[in-house]
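[1] Sharing a model prediction with you, sequence too.
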Amino acid sequence: MFDKLRKGLSSAVNKIVVTELKAEKLQPILDDFRLSLIENDVAVPVAYFITDELEKRLEGRQVNRLGDRKDLVKDTLHEVLIDILTPKEPINLIEKIEQKRKTNEPYVIMVVGINGTGKTTSIAKVTNFLLKKGYSVVLAGSDTYRPGSIEQLEQHAKKLGVKMIKHDYGADPAAVAYDAISHAQSHGIDVVLIDTAGRIQTDRNLMNELAKIKRVVDPDLTVLVIDSLIGNDAVLQAEEFHNSVTVDANILTKVDADVKGGASLSVAHVTGKPIIFIGVGQEYKDLQLFEPEMFVDMMLK
């Protein structure tokens, strides 16, 4: 995981450590480092943020011992990466569900994204996560377009032992979501997870339909599922979905296979929206709460 990015970060640290901490000495190294970040799918504005912050925080620092200097450079890079990955408004999913539970209303999560990102599998993993925490869940099969989508979600629902609300293919996806929420309200279910049809973010008609579902069900949380392997396209997807339906949080999938790591840094910084989970495998249990400290430690170890 993150092998290429880790090598780039390590190389930059080693070069800076043996360099005088003056702007004119740092700049050529940071220029190379910026290029390395961009080659690892870090979005250009994010790569500039990292290198500019490093220069700003390191310039003029006086450290004599080589060991101390290495610690200073590593600690400074660690701080910059933490700043990128720490959202201004973090989301504690469990706290939010508990708050909604006190009103005797279900917490509604609408999940969006393009086809092939692992959206439906992520819904199953989140369901498993919530069940393990003791919450009841109902699924809404609001992807009424893609052949096999209802059966795929239904299969997950059966394996996990939860109810799924569905209509026929071609039905109004907003109506399916509405029925799932009504079911949760009448049965005292804690959480509704709504699966929506995958769509390319530039397809205006489909994006408008997604906005319609959101208007009808007014979810508590809208989550975008992003494939971490698509590089800089992750940022474009995140921006387009956010502009159309106002995304509150992100789930990054396939992180275990990501050797570059740039999408993770870019999505968090460019959108300003938190990553709440990362997918790290094929099993239901292979979903981790996103923790910036742990993530940065993996990049710098």
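    Yep, it's here.

[2] residues near Thr103, how many?
    8 (other CB atoms under 10 Å). C-beta coordinates here come from the backbone N, C-alpha and C atoms, glycine included.

[3] where does the stretch 201-301 of the chain have low pLDDT?
    201-202 (pLDDT under 70).

[4] Tell me where it has helices.
    204-217, 233-245, 262-271, 292-300 (DSSP state H, counting those that start in this stretch).

[5] how much space is there between Ile50 and Lys119?
    Here Ile50 is placed at a distance of 30 Å from Lys119 (CB to CB, to the nearest Å).

[6] now Asp71: how far from Arg65?
    For Asp71 relative to Arg65 (CB to CB), the value is 9 Å.

[7] More neighbours: which of these two?
    Ranked by neighbour count (other CB under 10 Å), Asp71 and Arg65 place Asp71 first, with 13 against 9.

[8] pLDDT of the helix or strand that one falls within, averaged?
    Asp71 is part of helix 66-85, with elements assigned from DSSP states H and E. In this model, helix 66-85 carries a mean pLDDT of 89.

[9] chain center to it: distance?
    How far helix 66-85 lies from its chain's middle: 24 Å, per CA atoms, centre = their mean, to the nearest Å.

[10] tell me what that helix is packed against?
    Where contact means 3 or more CB pairs under 8 Å, 6 or more residues apart in numbering; DSSP states H and E, helix 66-85 is packed against helix 3-17, helix 44-58, helix 262-271, helix 292-300.

[11] Looking at those, spot the one closest to Leu252.
    Among the helices and strands packed on helix 66-85, the nearest to Leu252 by CB to CB is helix 262-271 (5.9 Å).

[12] now Asp195, what's its secondary structure?
    Following DSSP: H, G, I helix; E, B strand; the rest coil, we place Asp195 in the strand state.

[13] Report the separation between it and Val176.
    9 Å.

[14] which parts of stretch 56-73 are buried?
    Across stretch 56-73, burial judged by 16 or more other CB atoms under 10 Å covers Arg57, Leu58, Arg69, Lys70, Leu72, Val73.

[15] And it, end to end?
    End-to-end distance for stretch 56-73, by CA to CA, to the nearest Å: 12 Å.

[16] Residues contacting that stretch, please?
    Val13, Ile16, Val17, Val18, Leu21, Lys22, Ala23, Leu26, Thr76, Glu79, Val80 (CB atoms under 8 Å, 6 or more residues apart in numbering).

[17] circling back: Ser136 is nearest to which of the helices and strands packed on helix 66-85?
    Of the helices and strands packed on helix 66-85, nearest to Ser136 by CB to CB is helix 292-300, at 29.1 Å.

[18] Distance from the chain centre to that closest one, please.
    15 Å.

[19] tell me what that helix is packed against?
    In terms of contacts (3+ CB pairs under 8 Å, 6+ apart), helix 292-300 is packed against helix 3-17, helix 66-85.

[20] can you give me the angle that helix makes with helix 3-17?
    Put simply, helix 292-300 runs at 80 degrees to helix 3-17, going by axes from the mean of the first three to the mean of the last three CA atoms, to 10 degrees.
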